[in-house]
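Pasting the sequence and the predicted model now:
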Amino acid sequence: MSAFGRVGRVERVERAGRSEKITLEIQDLSITYRGGGKEVFAVKNCSFSISRGDVIGLVGESGSGKTSVLMAIPRLLPTGTLVHGRILLGGQDITKRGERAMNELRWSRVALVPQGAMNSFTPHLTIERHITEVLNFHMKMSGRDGKSRASELIGTVGLERDILTRYAHELSGGQKQRAALALALACDPDFLLADEPTTALDVITQKEVLETISGLVRERDMGLLLVTHDLPIAAGVCDTLIVMKDGSIVERGNSRQLIMAPKQAYTCELIEAIREMEGGHA
Ligand SMILES: Nc1ncnc2c1ncn2[C@@H]1O[C@H](COP(=O)(O)OP(=O)(O)OP(=O)(O)O)[C@@H](O)[C@H]1O
Ligand SMILES: [Mg+2]
């Protein structure tokens, strides 16, 4: 039985429409931040697509534009940021959608685990309340059903049920990341956008959280766009890697091939830097 096997009617209705291969297409995306009289050209003409079932890593050094790309998809960039290009979800251009329609789509179709799990939570709400509010808003699930689903989700991501009554600041880094994952999975989205979901964690917890994410994504046939500056992590989890530098995509391809035989000098540099950090000089 799937981890969501007992959820009931709403779940089955959601699932019923999921046999088609939904694709998220990013076409010619450019992002310019404006503020303090300055312009920052953060992303330049990036195009790629991800279908449900794909696990894609977006890698590149700090400042290369990964978070900007990710936040542009659910339209969560700061007000005033210039965004050009098209973002198609199931063939429909969502950049043309009004704010209300976008709000419906966030969580339910495209869910985000933001950089720094604390950003997922409001300090004065319990973890349970966060999850039940999302379920209530997007799936019209309330009362006992919502609480029961929240409890199930918490178990699914490998947390104890007593986490539900706690506040985010009462959790460890790993527990926070798992709770953020439970929240993102609440409405069983088509796509999960995860921004450095394990960066702040120790190596063992990193591995466990990543295994949980990739296991759940594959079980549910979601699309995962995993942002990380850590190439080995991305290569271990993702089928495909997209390498960004200075706001542009410089290389993309099958993870294993890209690591074994990078075509671009920058990808070689990234790999070399990691080898040096690990103490092995190739
Ligand atoms: N709100 C903002 N206002 C102005 N510039 C910004 C803003 N957010 C990001 N930038 C700039 O845009 C560029 C891309 O930033 P972004 O956060 O997308 O990079 P990143 O690849 O996610 O980096 P990291 O690995 O450090 O998280 C950087 O030059 C950054 O300084
Ligand atoms: Mg970032």
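Okay, I see it. Ligands and ions are numbered 1, 2, ... in the order given.

quick one, helices of the stretch 101-250 of the chain?
Applying DSSP state H, counting those that start in this stretch to the stretch 101-250 of the chain gives helices spanning 127-139, 143-156, 173-185, 203-220, 231-237.

tell me the most buried of the ones you listed?
Each of the helices of the stretch 101-250 of the chain was scored by mean neighbour count; the highest is helix 173-185, a mean of 25, by mean count of other C-beta atoms under 10 Å. Yep, even glycine has a C-beta here, placed from its N, CA and C like the rest.

got the CA positions of it in PDB?
Provided in PDB are the C-alpha atoms of helix 173-185 (Å, rounded to 0.1, in the frame of the first residue of the first chain):
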ATOM      1  CA  GLY A 173      17.900  20.700  11.700                       C
ATOM      2  CA  GLY A 174      17.100  17.200  10.300                       C
ATOM      3  CA  GLN A 175      13.700  17.100  11.900                       C
ATOM      4  CA  LYS A 176      12.900  20.600  10.400                       C
ATOM      5  CA  GLN A 177      13.900  19.500   6.900                       C
ATOM      6  CA  ARG A 178      11.700  16.400   7.300                       C
ATOM      7  CA  ALA A 179       8.800  18.400   8.500                       C
ATOM      8  CA  ALA A 180       9.300  20.900   5.600                       C
ATOM      9  CA  LEU A 181       9.200  17.800   3.300                       C
ATOM     10  CA  ALA A 182       5.900  16.600   4.900                       C
ATOM     11  CA  LEU A 183       4.400  20.000   4.400                       C
ATOM     12  CA  ALA A 184       5.500  20.000   0.700                       C
ATOM     13  CA  LEU A 185       4.100  16.600   0.200                       C
END
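
Please renumber the chain so that the first residue is 860 from this point on.
In the new count, where the first residue is 860, that last one comes out as helix 1032-1044.

Quick one: work out the angle between that helix and helix 1002-1015.
130 degrees (axes from the mean of the first three to the mean of the last three C-alpha atoms, to 10 degrees).

which residues touch helix 1032-1044?
966, 970-973, 976-977, 979-980, 986, 989-990, 993, 1009, 1012-1013, 1015-1018, 1022, 1027, 1030, 1051, 1053, 1056-1057, 1059-1060, 1064, 1067-1068, 1071-1072, 1075, 1079 (C-beta atoms under 8 Å, 6 or more residues apart in numbering).

about what we covered before: kindly present the helices of the stretch 960-1109 of the chain as TSV, with separate columns for distance to I1118.
TSV is the format used below for the helices of the stretch 960-1109 of the chain (distance: least, C-beta to C-beta, whole Å):
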stretch	distance to I1118
helix 986-998	36
helix 1002-1015	31
helix 1032-1044	25
helix 1062-1079	17
helix 1090-1096	5
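
among the ones you listed, which is nearest ligand 2?
Proximity to ligand 2 (C-beta to the ion) singles out helix 1090-1096 among the helices of the stretch 960-1109 of the chain, at 13.5 Å.
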